[in-house]
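Novice: Got a sequence here, can you build the structure:
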Amino acid sequence: MAFQNNTLYQIELSERMRTFLLLSGIQNEYSIANTLSHFFQNTNISYQWDKDWALWMGYVKTMNICTESPLPFPDRAWQFGSMVPKDSDWKMDPIKSKESIISSFKPIFILVSIFTWTALYYLIIFRLL
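Specialist: Residues are numbered from 1 along each chain as shown. The predicted structure follows:
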């Protein structure tokens, strides 16, 4: 990576480290900020991507940061239209409830209300003429 100055390199490196922590399952911004701050204060970075990433991975191992996400991500299933893995125990059938019955009548209610208001509009206009 060729960066114009050290500030841009540090910003890019810290964003990649932050993304690494987010994908590892650390969702607390306070702990992410503290981890990155502690890393940059206690490590002399060389401004070379390969060496600095090796330093970061060594820091992750020494600080026992979990590198596996606790979220059950399906194996690339989201790219093919399915967010639910086929082998999961999640229910695929819709839940039958009063809300789903009422929501199924919404298109009919909209059509009836449009017809009713149109009829009232024409009755009022032709009645006034």
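Novice: tell me which residues in stretch 32-45 are buried?
Specialist: 32, 35-36, 39 (16 or more other C-beta atoms under 10 Å). Quick note: C-beta positions are derived from backbone N, CA and C, even for glycine.
Novice: correct me, but residue 9 touches residue 47?
Specialist: Yes - if you go by C-beta atoms under 8 Å, residue 9 and residue 47 touch, sitting 5.5 Å apart.
Novice: So for those two, which residue has more residues nearby?
Specialist: Neighbour count, other C-beta atoms under 10 Å: between residue 9 and residue 47, residue 9 has more, with 18 against 13.
Novice: helix or strand for that one, which one?
Specialist: helix 6-23 (DSSP states H and E).
Novice: So which elements touch that helix?
Specialist: Applying 3 or more C-beta pairs under 8 Å, 6 or more residues apart in numbering; DSSP states H and E, we find helix 6-23 packed against helix 29-42, helix 49-62.
Novice: the inter-axis angle of it versus helix 49-62?
Specialist: Angle of helix 6-23 versus helix 49-62, following axes from the mean of the first three to the mean of the last three C-alpha atoms, to 10 degrees, is 40 degrees.
Novice: Pull out the buried residues from helix 6-23.
Specialist: When burial is assessed from 16+ other C-beta under 10 Å, helix 6-23 yields the following buried residues: 9, 13-14, 17-18, 20-21.
Novice: Next, residue 46: secondary structure please.
Specialist: Look at residue 46: counting by DSSP: H, G, I helix; E, B strand; the rest coil, its state is coil.
Novice: measure it to residue 6 for me?
Specialist: For residue 46, the distance to residue 6 equals 11 Å [C-beta to C-beta, to the nearest Å].
Novice: So, low pLDDT: which residues of the protein?
Specialist: Along the chain, the model assigns pLDDT under 70 to residues 1-5, 67-103, 129.
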